[in-house]
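In: Just a sequence and a predicted model for now, questions to come.
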Amino acid sequence: MLDLNRKVLFDQSLERLKAQLYELAEFNETPEHGITRIVYTNRDLAAKHYVKEYMKEIGLEVSEDVMGNIFGKLPGSNSDLPPVWSGSHLDAPLNSGMFDGIVGVLGAIEALRLIKESGLKHERDLVAVIFVSEEPTRFGMGCLGSRAMTNQLSSEDLVKLKDKDGISLYEAMKRANYRPDKLEQVRIKQGEIGMFVELHIEQGPVLETNQKEIGIVNVIAAPTEVKLTIKGEQRHAGSTPMNLRKDPMPAAAEILLTLETWAKDSTKAHTVFTVGDLKVFPGASNVIPNEVVMTIDSRDADGENKEKFMALLNEVIQAVCAKRGVSYELEVKTHDQPAQADSLITNTIKKVCEELKMDHQVLASGAYHDSMIMSKIVPFGMIFIPSRDGISHDAREWTEFKQVASGVQVLTNTLYQLANE
Ligand code: HGY
Ligand code: MN
Ligand code: MN
Ligand code: MN
C-alpha cells in the first residue's frame, strides 16, 4: 500500500476536502435553500474557475476543451500509455445538495495531489476530469460533456436542445465564450483513455442500511428521459359538461398512474419511474387546460425491461389520448443502455478496500453518471460513499467528511495501482 495512508495524511486530506466542499457550495444560485448550480451560468463558471486555479496551484497541467470540459494532468513516466482518468461534475440540480458530483471532482484532484506529494512513481498519466453539465436541469438531457466526448451529442443537438427561455445549448456555449462551432475537437476515440474511475455519493440508502463504508458499483441503471405534451381544448370549467371535454389533465394523470403501476409491479430490482415536472396551460383554476407538458424519467439496470417500458409508453399514451380525444407530442430526449463496470477496475477497488480494512459491498447505481456515458469508449469503475438517510438531489443531502476522506483514500490507492497496470 502507498505510504500515503498514514493517519496524518488522512487528517490533512479530510480538512482540505471539508474546506473545499464548503467553498464550492458558495457558488450557489439558491443560498436560501440547498444548492443550485446550472451549466454555463455565472455560478457554474465561477466554480470552474475555482477548480482550475486550485489544480494549477498544486502543479497539475490544466486544460479545457471548446465545450468547457476541464482536465488536470499529473504526468506519469510513460505518457505513451493511455492515461487513467478520474472525475465527475460540478453542476447541481435545483435546491439540491453539496456533495453530488463534487466529491468526485475534489476527490480526483486530492488523489492526484497525494500521489504527486508522495513522490511515488506511476507509469500512466493520471488526469482529473470535470465534465460539463451532468445534470439534465437546463437542457433536459444529462451528461452533455461526456456525450460530446463519446460522439453521442451532435452539432444538430446543440441547436435543438433548448432551455426554458428558448436559449439553445449552442447559444449558451457561445455566451459563455466556448466554441460550439468546434464541437468535433471534443471527441475522444476508443482506446485514447485507458481506464476511468468515478467517486460519487451513493444517493440511495443501501450502504447506510448495510453499514458499509464503500460501495463498488457493478452496473449503472440507465435513464429514458422523455418530454410529453398533451393538447386538448380550452373551455369554461363550469359550463362545459363532462362528456364534451377534451381535457389533457386527466389524460396526463391516467398515463402517469398506469406507468407508475407498471414500474411498481416490475420484477427487476432497479425499475423506477418519475414525473418530476408537469406544467398546465393556461393554468387557471376555472379554465379547462388546453395543454399539459410533463417530463418522464424512467430507469432500469435491465436492458430488456427498458425496451418493454418504451413499448408500453407508446401504447399507453396512444390509447389514453385516443379515448379522451386529445392529441400529443412525444420527444424522447435519451434512451440510454445500462453500463457494466470493468472487472479489473472493480477488483482493484475491492483489493484496496481489503488492504485498508474498509467494509465494502458491490451494488448497482440507481442514479446515472458520466461513467455510464464514458463506458462507450473506456472501461470504468465507480466508488460509492454513503448518503445519510439515502437522500440526494435535496438540501438534506449529507455525507460525513470522514466518509468523503475514506472514499478519496480508496480512490487514491486505486488510481495509483491502475496507473502502474
Ligand atoms: O439523474 C441522475 O441520475 C443524475 O444524478 N443526473
Ligand atoms: Mn445528480
Ligand atoms: Mn452526480
Ligand atoms: Mn450522475
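Out: On my side now, so go ahead. This structure is a prediction, so every number in the text was calculated from the model and none was measured. Ligands and ions are numbered 1, 2, ... in the order given.
In: Next, work out how far apart residue 356 and ligand 3 are.
Out: 24 Å (Cβ to the ion, to the nearest Å). (Glycine included, C-beta is placed from N, CA and C.)
In: again, but for residue 329
Out: Going from residue 329 to ligand 3 by Cβ to the ion gives 29 Å.
In: hmm, who's touching the helix or strand harbouring that residue?
Out: Residue 329 is part of strand 327-335 when elements are defined by DSSP states H and E. Contacts with strand 327-335, where a contact means Cβ atoms under 8 Å, 6 or more residues apart in numbering, come from 136, 140-142, 223-231, 306, 310, 313-314, 317, 321.
In: Go through those and flag which are in helices.
Out: 306, 310, 313, 314, 317, 321 (DSSP state H).
In: near ligand 1, from the contacts of strand 327-335?
Out: residue 142 (Cβ under 6 Å from any ligand atom).
In: just the buried members of the contacts of strand 327-335?
Out: Neighbour counting by 16 or more other Cβ atoms under 10 Å classes 136, 140-142, 223-226, 228-231, 306, 313, 317, 321 among these as buried.
In: Just name the closest of those residues to ligand 1, please.
Out: For the buried ones among the contacts of strand 327-335, the residue nearest ligand 1 by Cβ to the nearest ligand atom is residue 142; the value is 4.7 Å.
In: Taking the stretch 251-400 of the chain, what residue is nearest to ligand 3?
Out: Scanning the stretch 251-400 of the chain for the residue nearest ligand 3 gives residue 369, at 5.8 Å (criterion: Cβ to the ion).
In: Return the residues of the stretch 101-250 of the chain in contact with ligand 1.
Out: 134, 135, 142.
In: just the residues you listed that are near ligand 3?
Out: By Cβ under 5 Å from the ion, no member of these lies near ligand 3.
In: if we can go back for a sec, what residues are up against the residue of the stretch 251-400 of the chain closest to ligand 3?
Out: Counted by Cβ under 8 Å, 6+ apart, residue 369 has contacts 88, 134, 143, 198, 200, 220, 382.
In: Could you tell me which of these belong to helices?
Out: Among those, DSSP H puts none in helices.
In: which stretches of the chain have low pLDDT?
Out: Applying pLDDT under 70 to the chain flags the ranges 1-4.
In: Most proximal residue of it with respect to ligand 1?
Out: For the chain, Cβ to the nearest ligand atom, closest residue to ligand 1: residue 367, 3.4 Å.
In: number of nearby residues for the closest residue to that residue other than its chain neighbours?
Out: Leaving aside its chain neighbours, residue 367 sits nearest to residue 203 (4.8 Å; criterion: Cβ to Cβ, 6 or more residues apart in numbering). By other Cβ atoms under 10 Å, the residues close to residue 203 number 21.
In: same check, this time on residue 33
Out: With other Cβ under 10 Å as criterion, residue 33 counts 12.
In: So it sits against residue 396, correct?
Out: No: with contacts counted by Cβ atoms under 8 Å, residue 33 stays clear of residue 396, the gap being 10.7 Å.
In: tell me the strands in the stretch 101-250 of the chain, going along the chain?
Out: Using DSSP state E, counting those that start in this stretch, the strands of the stretch 101-250 of the chain run over 126-131, 195-201, 214-220, 222-231, 235-236.
In: can you tell me how far residue 351 sits from residue 30?
Out: Residue 351 sits 41 Å away from residue 30, going by Cβ to Cβ, to the nearest Å.
In: swap in residue 63?
Out: In terms of Cβ to Cβ, residue 63 sits 31 Å off from residue 30.
In: for residue 311, same thing?
Out: For residue 311, the distance to residue 30 - Cβ to Cβ - is 39 Å.
In: can you pull the buried residues of the host helix or strand of residue 15?
Out: Assessed by DSSP H and E, residue 15 sits inside helix 7-25. For helix 7-25, burial by neighbour count (16+ other Cβ under 10 Å) applies to 9, 10, 13, 14, 16, 17, 20, 21, 24, 25.
In: and it, C-alpha only, in CSV?
Out: Output of helix 7-25 as CSV, limited to C-alpha atoms (Å, rounded to 0.1, in the frame of the first residue of the first chain):
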residue,chain,number,x,y,z
LYS,A,7,-3.1,8.9,9.7
VAL,A,8,-1.6,12.4,9.4
LEU,A,9,-2.1,12.5,5.7
PHE,A,10,-5.7,11.2,6.1
ASP,A,11,-6.5,14.0,8.5
GLN,A,12,-4.9,16.7,6.3
SER,A,13,-6.9,15.3,3.4
LEU,A,14,-10.1,15.4,5.4
GLU,A,15,-9.6,19.0,6.4
ARG,A,16,-8.8,20.1,2.8
LEU,A,17,-11.8,18.3,1.3
LYS,A,18,-14.1,19.7,4.0
ALA,A,19,-12.9,23.3,3.3
GLN,A,20,-13.2,22.9,-0.4
LEU,A,21,-16.7,21.4,-0.3
TYR,A,22,-17.9,24.4,1.7
GLU,A,23,-16.0,26.8,-0.6
LEU,A,24,-17.6,25.3,-3.7
ALA,A,25,-21.0,25.3,-2.1
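In: following it, which helix or strand comes up?
Out: According to DSSP H and E, the helix or strand after helix 7-25 is strand 35-37.
In: List the strands paired with that following strand, with their directions.
Out: strand 92-96 (antiparallel) (DSSP bridges).
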